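J.: Predicted coordinates and the sequence they were generated for:
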Amino acid sequence: MPATVLDSFALIAYFRGEPAGVPVKELLQKASKADKPVHMTEVNYAEAKYMILRKDGAEAWAEAAKVLIALPIEFHPADRELADLAADFKSRFSLSLADAFAAALAKKHKAELVTGDPEFKAVEKEIKIDWLK
């Protein structure tokens, strides 16, 4: 199983039970069976949390947080190396800061980024992307 990075789009689709969340669920099941976690930045975690809180409410987040603990996701802090890579992406492409961090983590780990966010079209030549539909 290749190294994989999730952005907030993927995690939110999973928690909301959206069609794009189905392949995310399958990916997480494979990661669990292989004992090989997927990766996500703490910045993207924060983005997913605030979006769920804002649009779905505190109760929805509380349920998601309970599930999140058991998911095979390794969270990465925004250290200087990752921040430098994210700043480079942000300076060259039209990306949100959180998306720049997801792209940076994918580049750092030579991983595939799982997303459905069209903002990432700009960086398709820089990192490998697995597009959710």
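T.: That came through fine. Predicted, not measured: the structure shown is a model, and the values here were computed from it.
J.: Let me see the ranges of the helices in this protein.
T.: Defined through DSSP state H, the helices belonging to the chain, from first to last, are 8-16, 21-34, 42-56, 58-70, 80-92, 97-108.
J.: As CSV, those with distance to residue 125 would be great.
T.: (Glycine included, C-beta is placed from N, CA and C.) Putting the helices of the chain into CSV (distance: least, Cβ to Cβ, whole Å) gives the following:
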stretch, distance to residue 125
helix 8-16, 20
helix 21-34, 23
helix 42-56, 21
helix 58-70, 32
helix 80-92, 11
helix 97-108, 12
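J.: among those, which is nearest residue 1?
T.: helix 21-34 (5.0 Å; Cβ to Cβ).
J.: Show me what counts as buried in the closest one.
T.: 21, 23-24, 27-28, 31 (16 or more other Cβ atoms under 10 Å).
J.: what sits up against that helix?
T.: 1, 4, 6, 10-11, 13-15, 37-38, 71-73, 114, 132 (Cβ atoms under 8 Å, 6 or more residues apart in numbering).
J.: of the residues you listed, buried ones?
T.: Those of the contacts of helix 21-34 that meet the buried threshold are 4, 6, 10-11, 13-15, 37-38, 71-73, 114, 132, by 16+ other Cβ under 10 Å.
J.: ok, and the closest non-adjacent residue to residue 108?
T.: Take residue 108 and drop its neighbours on the chain: the residue closest to it by Cβ to Cβ, 6 or more residues apart in numbering is residue 85, 6.0 Å away.
J.: Residue 117 now?
T.: Sequence neighbours aside, residue 9 is the residue nearest to residue 117 in space, at 4.3 Å (criterion: Cβ to Cβ, 6+ apart).
J.: Confirm for me that the one you found is in contact with residue 113.
T.: No - taking contact to mean Cβ atoms under 8 Å, the distance of 10.0 Å between residue 9 and residue 113 leaves them out of contact.
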